[in-house]
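Student: Next comes the sequence, and after it the predicted model I'd like to discuss.
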Amino acid sequence: MKLHFAAGSGASGFRPRWLALAVMAAYQGVGAEPATLLPTVEIIGTTPLYGIGLPLEKVPANVQTVKGKALEEQRSLTIADFMAQNMTGVNVNETQNNPFQPNVNFRGFTASPLLGTPQGLSVYQDGVRINEPFGDVVSWDLIPMNALANMSLMPGSNPMFGLNTLGGAISMQTKRGYTHRGGAVEFSGGSWGRYNAQAEYGGVAANGVDYFFAGNYFDENGWRDASPSEVRQMFGQLGWRNEATDLSLTMSLADNNLIGNGLVQKEFLSAQGWDAINTKPDQTANKMAFLNFNGSHWFNDATMLSVNAYYRNARTRTLNGDVNDDVDDADFNADCASAVDPESGCGGALNRSKSRRIGYGITGQLNFNQDLLGHKNLFITGIGYDRSRTDFEQSTEFGNINASRGVDGAGIFSDEAEVGLRGVNRTWSLFATDTFSFNDVYHLTLSGRFNHTRVENRDRLIPDASNPESLTGNHSFNRFNPSIGLAITPTKTLSFYGSYNEGSRAPTAIELGCANPDQPCKLPNAMAGDPPLDMVVSKTFEGGVRGKILNGIGYSASLYRTENTNDIQFIAANSSGAGYFDNVGKTRRLGFDLGLNGEIGKFRWYAGYSYVKATYQSRFDLVSEVNSSREVIGVDPDGEDIEVIHVGKGDSIPGIPRHQLKLRGEWEALPRWTIGANVVAFSSQYSHGNENNDHQGEGAKVRGFAVVNLDTRYNFGNTGWQVFAKVNNLFDKRYYTGGMLGETFFTANGAFMAGNDDFSALVAPGAPRAAWVGVRYEFGKPAGR
């Protein structure tokens, strides 16, 4: 039997000794010849921890899995990059225009590195949720790509995957010496001054200890002006196992410096070139040390204990050169240091922030794979505890806008923008899931998870909680999330499924620290007092079918409906970017996914289509000074008009295209030469700032686009050498991955307007055509690996 293991997976129905031998045969070549004659069984983990999993056909969800070999062969920079090119239902908004900082959307839910973005996807590495505790953001640059063995994309509000699983979960497993023996060294380079060096090596020592080490270095100038980035990652694993016990300790290290200059005025691209930027710099520096232990032990042939414990220490520093949003043309002084009032007289601002996040936790689960009432039954139950502490500081230094639209600091700091916050998050979880097989056809899964979360904010500048401007406050959230699903497997090549599940997300420290409409804040530049927010709750119905037809063609189709209650959104209080977080009521994602894959001779192919209708289901108002449909509803204390747009039930959520098509083809032109191609196509999407969908004129929508990417590789037989090449955006299409209604303080040729401003459609331009070539050398790998 040939075993395929998905992320977080184990094996169902095997004695421990049989499982160990099967894994060794699959990865070491022991008994390889008979193994290839038997059918493939794909095992899916039903929880993030390693445990006893289920065959895919018994899982009541449209799970998508990826093996590490596919990640390697397509030379994707990040897991987000691979998902955008190959996985059904995924699209990317390149809001930062840095390849390591994309917004990843799946079925209308987002995992983003940007504070203020509503987060709806949980991301796991070796059983640990790596959404950052401060804002639930995801730092894609901290995930070691060349150390990934496989990953799964789990759809829906699956409660087994904990907090923030509103629309889905990404679960990744790293490599280890037992399964990835031998080494490899790889170098590549090409467009934009990019070069990349990777190395990995794994094996098993004479005393039975297995080990795996990987390193990655990436450097490029970037395709946009003043946009260099440097990524340094290291990964190590040590483990030991016998027939009953499996222990593994991993360490991930990263030290990265990313420049992503964000959205740009559309008129700049026409007047100054496709690589134009707005202001600079826009720098994010991430450092991380992540220690993770996983252990499992079989008490007998049917009972298994899984344990995970981790410690994670991450630091982030940001430096953003921006126009001073409060600059006034009447007070503007070209020499900021001489301005009478820097708040309104200085043209530029350097916004700085730094955060240190320390998290640790432990989770244990028991797996029982034994008959119940004479029927096959898999029962898993566990308990988990996670604690994190975030220390966050930020400041604003006023300065001058120079000729290249950079900001030169003047040494004058704003008192209003200074923040010092400590946020502590504690979460206790109890969970259980049971899959009961009535017979070989009907399989019922019942699951549930109880989460208790407490968030404690302490304002280091204004510690007195009675002060309305203080960030100090305590907040508790409790929720039990249930799930039920039924899988029907009339044959080995056909299965139907249906499910209902619920998930939730507790407001984070930054959302609770910026939730007062009377004291709007800027992100990430200021925070204010914190009235309570409600927990976001998602409820998902899903049904579908999957199987195989003639000639080995596989297919899948799923229909889903997810509704969020108390959805949290950052609501702008004015066009300068100041605002606050608030619960805006209900939102809904309704859609379906279709997939086909197969082989015709030496040609392998995949096709996927997705439709998602993401809409607001409650009415609320947003302050706007740029949407053409805005209305004046009053006057603020400074005598300025308060202008709002009315968002109504059924209005589309910005940033989410309704239609997407993905095609992948791979042709073995010669026994050693393979050529691959990806085609991705997305329909139009509404721009942020047009939440009511009523703006008339430039920028209301971002038009749809299609892009073709090529990859190829040639293996020099048994020598271990391989050369490869990759071309992105083959036809050099000009397109945008997102947009926003906003203002500009510059003319089209880039001249600063001395405190005046005008409407502008801001866009995230897609990268132009680029090509890279590389060489890889593999050594010490078992035959067939």
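Tutor: That came through, no problem.

Student: so where is the stretch 251-400 of the chain shaky, pLDDT-wise?
Tutor: Across the stretch 251-400 of the chain, nothing is flagged by pLDDT under 70.

Student: Helices along that one, start to end?
Tutor: Shown for the stretch 251-400 of the chain, the helices assigned by DSSP state H, counting those that start in this stretch span residues 266-272, 342-345.

Student: what's the answer for the stretch 451-600 of the chain, then?
Tutor: 509-512.

Student: just to revisit the earlier point, could I get the helices of the stretch 251-400 of the chain as JSON lines with mean neighbour count and distance to Arg630?
Tutor: Where C-beta positions appear, they are placed from N, C-alpha and C, glycine not excepted. Formatted as JSON lines, these follow (neighbours: other C-beta atoms under 10 Å; distance: least, C-beta to C-beta, whole Å):
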{"stretch": "helix 266-272", "mean neighbour count": "17", "distance to Arg630": "20"}
{"stretch": "helix 342-345", "mean neighbour count": "21", "distance to Arg630": "24"}
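
Student: Mind putting those helices into a markdown table with distance to Glu778?
Tutor: A markdown table is the format used below for these (distance: least, C-beta to C-beta, whole Å):
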| stretch | distance to Glu778 |
| --- | --- |
| helix 266-272 | 43 |
| helix 342-345 | 59 |
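
Student: If Asn292 is in a bridge, with which residues?
Tutor: Beta-bridge partners for Asn292, by DSSP bridges, are Thr250, Tyr310.

Student: tally of neighbours for it?
Tutor: If you count neighbours by other C-beta atoms under 10 Å, Asn292 ends up with 21.

Student: so where's the longest strand in this structure?
Tutor: strand 377-401 (DSSP state E).

Student: just checking, Gly168 touches Leu121?
Tutor: Yes. Counting by C-beta atoms under 8 Å, Gly168 does reach Leu121; the two are 5.3 Å apart.

Student: neighbour-wise, which of those two wins?
Tutor: Taking Gly168 and Leu121 together and counting by other C-beta under 10 Å, Gly168 has the greater number of neighbours (28 against 25).

Student: In contact with the more buried one, which residues?
Tutor: 106-107, 109, 120-122, 153-156, 158 (C-beta atoms under 8 Å, 6 or more residues apart in numbering).

Student: pLDDT below threshold where in this structure?
Tutor: 1-41, 515-532, 571-579, 783-785.

Student: what are the ranges of the strands in the stretch 101-250 of the chain?
Tutor: In the stretch 101-250 of the chain, the strands defined using DSSP state E, counting those that start in this stretch lie at 103-106, 109-111, 121-125, 128-129, 148-155, 168-174, 182-190, 194-204, 209-220, 229-241, 245-259.

Student: export those strands to TSV and tack on distance to Phe731?
Tutor: Shown next, in TSV, are the strands of the stretch 101-250 of the chain (distance: least, C-beta to C-beta, whole Å):
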stretch	distance to Phe731
strand 103-106	24
strand 109-111	29
strand 121-125	31
strand 128-129	39
strand 148-155	29
strand 168-174	30
strand 182-190	18
strand 194-204	20
strand 209-220	22
strand 229-241	26
strand 245-259	27
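
Student: Of all those strands, which one is nearest Phe438?
Tutor: strand 148-155 (24.2 Å; C-beta to C-beta).

Student: which secondary structure elements does the closest one contact?
Tutor: strand 64-67, helix 68-74, helix 79-86, strand 168-174 (3 or more C-beta pairs under 8 Å, 6 or more residues apart in numbering; DSSP states H and E).

Student: Check which element follows the longest strand of the chain along the chain.
Tutor: Going down the chain from strand 377-401, the next helix or strand is strand 407-413, by DSSP states H and E.

Student: Taking strand 377-401 as reference, get the angle to the very next helix or strand once past that next one.
Tutor: Where DSSP H and E defines the elements, the next helix or strand beyond strand 407-413 is strand 419-437. Angle, strand 419-437 to strand 377-401, by axes from the mean of the first three to the mean of the last three C-alpha atoms, to 10 degrees: 160 degrees.

Student: Can you tell me the strand partners of strand 419-437 and which way each runs?
Tutor: For strand 419-437, pairing defined by DSSP bridges yields strand 377-401 (antiparallel), strand 442-459 (antiparallel).

Student: got the CA coordinates for that strand in CSV?
Tutor: Output of strand 419-437 as CSV, limited to C-alpha atoms (Å, rounded to 0.1, in the frame of the first residue of the first chain):
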residue,chain,number,x,y,z
VAL,A,419,2.1,54.4,22.2
GLY,A,420,3.4,51.9,24.7
LEU,A,421,1.3,48.8,25.2
ARG,A,422,1.7,45.4,26.7
GLY,A,423,-0.9,42.8,25.7
VAL,A,424,-1.2,39.3,27.2
ASN,A,425,-3.4,36.6,25.7
ARG,A,426,-4.3,33.4,27.4
THR,A,427,-6.4,30.6,25.8
TRP,A,428,-7.5,27.3,27.3
SER,A,429,-9.1,24.8,24.9
LEU,A,430,-10.9,21.5,25.2
PHE,A,431,-11.7,19.5,22.1
ALA,A,432,-12.9,16.2,20.8
THR,A,433,-13.8,14.6,17.5
ASP,A,434,-15.3,11.2,16.7
THR,A,435,-15.8,9.5,13.4
PHE,A,436,-18.2,6.5,13.5
SER,A,437,-18.6,4.2,10.5
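
Student: Please identify the buried residues of that strand?
Tutor: 419-427, 429, 431-437 (16 or more other C-beta atoms under 10 Å).

Student: Could you do stretch 690-701 as well?
Tutor: Buried, per 16+ other C-beta under 10 Å, within stretch 690-701: 690-695, 699-701.

Student: Leaving out sequence neighbours, find the closest residue to Asn597.
Tutor: Closest residue to Asn597 apart from its sequence neighbours, by C-beta to C-beta, 6 or more residues apart in numbering: Tyr606 at 4.4 Å.

Student: Could you look up the SS state of the one you found?
Tutor: Following DSSP: H, G, I helix; E, B strand; the rest coil, Tyr606 is assigned to strand.

Student: Enumerate the beta-bridge partners assigned to it.
Tutor: Applying DSSP bridges, one finds that Tyr606 bridges with Asn597, Arg664.

Student: surely it meets Leu596?
Tutor: Yes. Contact criterion C-beta under 8 Å: Tyr606 and Leu596 qualify, at 7.1 Å.

Student: beta partners of the most centrally placed residue in the chain?
Tutor: Centroid check for the chain by C-alpha atoms, centre = their mean gives Ala111 as the closest residue, at 3.6 Å. The partner list for Ala111 in beta bridges (DSSP bridges) reads Val104.

Student: so what's it up against?
Tutor: So Ala111 contacts 80, 103-104, 119-121, 123, 131, 138, 170 (C-beta under 8 Å, 6+ apart).

Student: could I get the residues you listed as TSV with distance to Leu378?
Tutor: Converted to TSV, these look like this (distance: C-beta to C-beta, whole Å):
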residue	distance to Leu378
Ala80	32
Asn103	36
Val104	31
Gln119	31
Gly120	28
Leu121	26
Val123	25
Asn131	28
Val138	30
Ile170	23
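
Student: quick one: which of those is nearest Asn196?
Tutor: Ala80 (16.4 Å).

Student: Give me the distance between the closest residue to Asn756 other than its chain neighbours and Glu343.
Tutor: With sequence-adjacent residues excluded and distances taken as C-beta to C-beta, 6+ apart, Asn756 is closest to Asp329, at 5.0 Å. Distance of Asp329 to Glu343, given as C-beta to C-beta, to the nearest Å: 14 Å.

Student: Next: Arg232.
Tutor: Taken as C-beta to C-beta, the span from Arg232 to Glu343 is 39 Å.

Student: Arg703 now?
Tutor: For Arg703, the distance to Glu343 - C-beta to C-beta - is 39 Å.

Student: same question, Gly193
Tutor: In terms of C-beta to C-beta, Gly193 sits 40 Å off from Glu343.
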